[in-house]
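Engineer: what's the 3D shape of this:
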Amino acid sequence: MPKKDITLHIEGHPGHRGNALAHALVEKLRKLLSALGQAERAYIDKPARQTDYEVVDAGKVNPTHLTLHPIPRRMNYDPIPAFEWTFEQIENVALGKDVDERIDATLARTLSEIAKKDHEDDYSNLWISVDDEKVVFDDAFRARSEALASRKTEQERPPEWFAGVSHGSIVGDLLQVADIEGERQFVIIPPLGAGSITCTFPESKREAMRKHLFRTVRVIGKLHYRQDSPFPVQVDMEDIEPASTFEEPPHLLDMRGLFKGLERSSDDAEAMLNGI
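Structural biologist: Okay, here's the model as predicted:
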């Protein structure tokens, strides 16, 4: 057998004269190929698998077995590193060891499904082997892979944020106003976080909205939050103001008390300042 082939073994149930049921064999082979593909995508960080598997040997003598040989789907790709890594992770699951962080909940569930026996008489035993190493898909393997799937699901679960209404303010660029049929809506684009936030404004602020268009503003009011985001999804505006209030810099005449000799008339002071 060529080095680094993988063999699926399925031992038939005595109730079927030691023969494996065809649907069980096909289903387990499908799940195994799915797991190999998921693992390879995780290893190479690509959206599509890069390996196919040729059937290079098959045998009916109980246990029935199918031997698969990995081949690249494109030129200049070596499938062996991903293949070896995958089998190592499957072995780690079987032994209750830690797996690579790239193993996610989906792959763990797929491994669990390989070990799940839908009907008691589908088969007696199921395992895979690579070279002289083998992994048995039994109840213990299923329990460990299900525990891994649960743990990974918790790790991958997005954080839950406050859901509800809070009074506060949000800063962003006011880029769009819609006042058709009394909608009284506008959109601001915050500098960070949400792509855009829809806001409503009261009738009393209709005129004030004009001067703020295409400016950076602070919108004050009721902020609506959802559980899946830390950013508000809507604001019921109560008031609006420029995000930054820059006072006009003072004229030097206003600071004439700071300069010696400017304690005189405004005309004299202005003449002196004009000469600076």
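
Engineer: Can you pull out the low-pLDDT segments for this protein?
Structural biologist: For the chain, the stretches with pLDDT under 70 are 1-3, 180-182, 193-194, 244-276.

Engineer: Can you show me the helices along this protein?
Structural biologist: Here the chain has its helices, by DSSP state H, at 22-44, 80-95, 105-115, 139-156, 206-212, 266-274.

Engineer: helices or strands up against the first one?
Structural biologist: Read that as helix 22-44. On a contact count with 3 or more C-beta pairs under 8 Å, 6 or more residues apart in numbering; DSSP states H and E, helix 22-44 meets strand 6-11, strand 51-59, strand 64-72, helix 80-95, helix 105-115. Heads up, the C-betas are built off the backbone N, CA and C, glycines and all.

Engineer: what's the most buried one of these?
Structural biologist: helix 105-115 (a mean of 22; mean count of other C-beta atoms under 10 Å).

Engineer: tell me the angle of that helix relative to helix 80-95?
Structural biologist: Put simply, helix 105-115 runs at 70 degrees to helix 80-95, going by axes from the mean of the first three to the mean of the last three C-alpha atoms, to 10 degrees.

Engineer: what's the angle from helix 105-115 to strand 6-11?
Structural biologist: Angle, helix 105-115 to strand 6-11, by the same axes, to 10 degrees: 40 degrees.

Engineer: Quick check: which of the helices and strands packed on helix 22-44 is nearest to residue 158?
Structural biologist: helix 105-115 (12.9 Å; C-beta to C-beta).

Engineer: Is it correct that residue 230 is in contact with residue 161?
Structural biologist: Yes: when contacts are counted by C-beta atoms under 8 Å, residue 230 is listed as touching residue 161 (4.9 Å).

Engineer: Overlap in contacts, those two.
Structural biologist: Overlap of the contact sets of residue 230 and residue 161 (by C-beta atoms under 8 Å, 6 or more residues apart in numbering) is empty.

Engineer: for residue 201, what are its contacts?
Structural biologist: 184-186, 209, 237, 240.

Engineer: Leaving out chain neighbours, which residue sits closest to it?
Structural biologist: Among residues not flanking residue 201 along the chain, residue 237 sits closest, at 4.6 Å (C-beta to C-beta, 6 or more residues apart in numbering).

Engineer: Kindly state the beta-bridge partners for the one you found.
Structural biologist: residue 221 (DSSP bridges).

Engineer: Any figure for the gap between it and residue 226?
Structural biologist: Per C-beta to C-beta, to the nearest Å, residue 237 is found 19 Å from residue 226.

Engineer: These two: which has the busier surroundings?
Structural biologist: residue 237 (22 against 14; other C-beta atoms under 10 Å).

Engineer: pretty sure the more buried one is touching residue 219, no?
Structural biologist: Yes: assessed by C-beta under 8 Å, residue 237 is found in contact with residue 219 at 5.2 Å.

Engineer: Between those two, which contacts overlap?
Structural biologist: Overlap of the contact sets of residue 237 and residue 219 (by C-beta under 8 Å, 6+ apart) consists of residue 199.

Engineer: Can you check which strand is longest in the protein?
Structural biologist: With DSSP state E setting the assignment, residue counts place strand 164-178 as the longest strand in the chain.

Engineer: Residues contacting it, please?
Structural biologist: Under C-beta under 8 Å, 6+ apart, the answer for strand 164-178 is 185-191, 197, 209, 212-225, 232, 235, 240, 243.

Engineer: Let's see which of those end up in strands.
Structural biologist: 185-189, 197, 216-225, 235, 240.

Engineer: Just the buried ones out of those, please.
Structural biologist: 185-188, 197, 216-221, 223-225, 235, 240 (16 or more other C-beta atoms under 10 Å).

Engineer: which one of those residues is nearest residue 26?
Structural biologist: residue 225 (48.6 Å).
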